[in-house]
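[1] here's a sequence, model it:
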Amino acid sequence: MTKRKSIVILSIFAVLVILAIVFSCVSIEGGGLGRYDYIAYAKAISMGLDLKGGVYAVFEAEKPEDQSDSEFKQSLEGTALSLESLLFSKGFTEAIVSTSNNRITVEVPDVEDSDTVFDLIGRPATLEFKESEDSEVLVSGKNLSNAYVARNENQQIVIAIEFDAQGTEDFAAATEKLNGKTMGIYVNGELLMEPTVNSVISNGKATIEGNYTYDQAYDLSVQLLAGSFDLDLELIESKIVNATLGSTAIKGSLIAGLVGVILIFIFMAVIYRMLGLAANLALVYYIVTFLFFLSVFPWVQLTLPGIAGIILSIGMAIDANIIIFERIKDEYKTGKSIKYAVSVGFKKSYSAIIDSNITTILSSIVLWWLGPSTVKGFAITLLIGIILSLFTSLVVTRIILECFLAINDRNPKLYNLKRGKAENERRESSDDEKQTNPVA
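    As a prediction, the model looks like this:
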């Protein structure tokens, strides 16, 4: 690499990192980009319940007598999935639903109107489609897969309902039996609505008309979905989590993280000089890129354990650089040139760095896949951080170092490199021999 090329690469790198820092911190609102606003991606990171506050609820499911343990577990997971789909369809895309024993825990972060959420999740009910109050159930609400507000061909607001495979079969038989008659829809044994069946519906999709306003149709669709769970649920705990603790934790974590990064910068610059400067520049790149990935990955939700994962991964990113630099120092002590010592130092560090990080990656995947919801945030942030740190330490740091070496690769003091005692004695002996036997 030529000196000119290295300066160009370093300049482009600096510009990109500065732009990334600006885009991560500065938002443009109020039509600053024409009709669009830009939200800084550091501010767009999804926050968990412990950081942003929200609604927390715990349901207990009663095991039916005719179900085995495995069937009950399957029903419990199906009910949790239905709850999650229900919340997602109503706009609560950051909701977390998890199961433990016979309980289902629901966490909905960053909620302004908690009453709406409690109306949605706080009233699981029994939904039944039948001819009259005392007649047999024609279609069970457990086979209802979705209910939402829609508009018909005349642009009137209607309630659209969809059934699963079993529900489609049962609903077809029910509409054939009651064609031209009314079908009662009962929630907890009380008549919710009684639409007229106008035709046989065999595709599992129907609309309920009734001169509804949007709010009326929305409330009715919520009540229908609240009765579509596989199990009967009892709400045993619910609360609104205040975001004050989360705000304090975020501020404290930012201060601690900033102090830690500054100390790392100072340590690396003092101990390794230009090597440390390369690591510091790579660390800046690592941090802004890490923030970007946290903001764009849909399954990332930052929690207090997640912040711990971020800080740990930053430390491990620097740890990889230290392993490389110590190897470079060892290679230079044996008499190699600076450029060759750097090349060999990276090559000999690969296996140790990759092996140590692979075990952490596997642990993170296991925690993310099998761990409880309380540690998933830690696992995913650690996983992203470790993978990114591998790229940063083995690729970005090396590119920056090669640029530095193209500018100056003859002054070991710039890189705080020293020859070993044996190498110094060998060189002194060689110099003495040259002075004793000068070349004619």
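[2] give me the buried positions along stretch 61-79.
    61, 72, 75-76, 79 (16 or more other CB atoms under 10 Å). Just so you know, the C-beta spots here come from the backbone N, C-alpha and C atoms, and that holds for glycine as well.
[3] one more: stretch 39-56?
    For stretch 39-56, the neighbour count (16+ other CB under 10 Å) marks 40-42, 45-56 as buried.
[4] before we move on, back to that, the buried residues of stretch 61-79: which two are farthest apart?
    Taking CB to CB as the measure, these span a maximum distance of 10.4 Å, between 72 and 79.
[5] give me the common contacts of those two.
    residue 61 (CB atoms under 8 Å, 6 or more residues apart in numbering).
[6] list the buried ones in stretch 6-18?
    Under 16+ other CB under 10 Å, the buried positions of stretch 6-18 are 6, 9-10, 13, 17.
[7] let me know the closest of these to residue 328.
    The shortest approach to residue 328 among those belongs to residue 6, at 18.3 Å (CB to CB).
[8] any idea which element the closest one lies in?
    If you go by DSSP states H and E, residue 6 is part of helix 3-25.
[9] next one: residue 316
    Assigned by DSSP H and E, residue 316 falls in helix 304-333.
[10] average pLDDT across that helix?
    Mean pLDDT, computed over helix 304-333, is 85.
[11] for that helix, which positions count as buried?
    Buried residues in helix 304-333, defined by neighbour count with 16+ other CB under 10 Å: 304-307, 309-314, 316-318, 320-325, 327-329, 331-333.
[12] now do the buried residues in the following helix or strand past it.
    With elements assigned by DSSP H and E, the helix or strand that comes after helix 304-333 is helix 338-370. Neighbour counts over helix 338-370 (16+ other CB under 10 Å) mark 338, 341-346, 349, 353, 357, 360-361, 364, 367-368 as buried.
[13] for residue 214, which non-adjacent residue is spatially closest?
    Among residues not flanking residue 214 along the chain, residue 157 sits closest, at 5.7 Å (CB to CB, 6 or more residues apart in numbering).
[14] roughly how far does that neighbour sit from residue 219?
    Applying CB to CB, to the nearest Å, one obtains 12 Å for the distance of residue 157 from residue 219.
[15] give me the more crowded residue out of those two.
    More neighbours surround residue 157 than the other of residue 157 and residue 219, with 18 against 14 (other CB atoms under 10 Å).
[16] what's in contact with the helix holding residue 6?
    Under the contact criterion CB under 8 Å, 6+ apart, helix 3-25 has outside partners 38, 40-42, 281, 284-285, 288-289, 291-292, 399-400, 402-404, 406-407.
[17] try 7 Å this time
    The contact list for helix 3-25 (CB atoms under 7 Å, 6 or more residues apart in numbering) reads 40-42, 284-285, 288, 291, 403, 406-407.
[18] which of those lies closest to residue 147?
    Nearest to residue 147 among those, with distances taken as CB to CB, is residue 41, at 35.3 Å.
[19] which residues of the stretch 101-250 of the chain fall in helices?
    Along the stretch 101-250 of the chain, the segments classed as helices by DSSP state H, counting those that start in this stretch run 114-121, 165-177, 214-226, 244-272.
[20] partner strands of the helix or strand encompassing residue 97 and their direction?
    Assessed by DSSP H and E, residue 97 sits inside strand 96-100. Its sheet considered, strand 96-100 pairs with strand 103-109 (antiparallel) by DSSP bridges.
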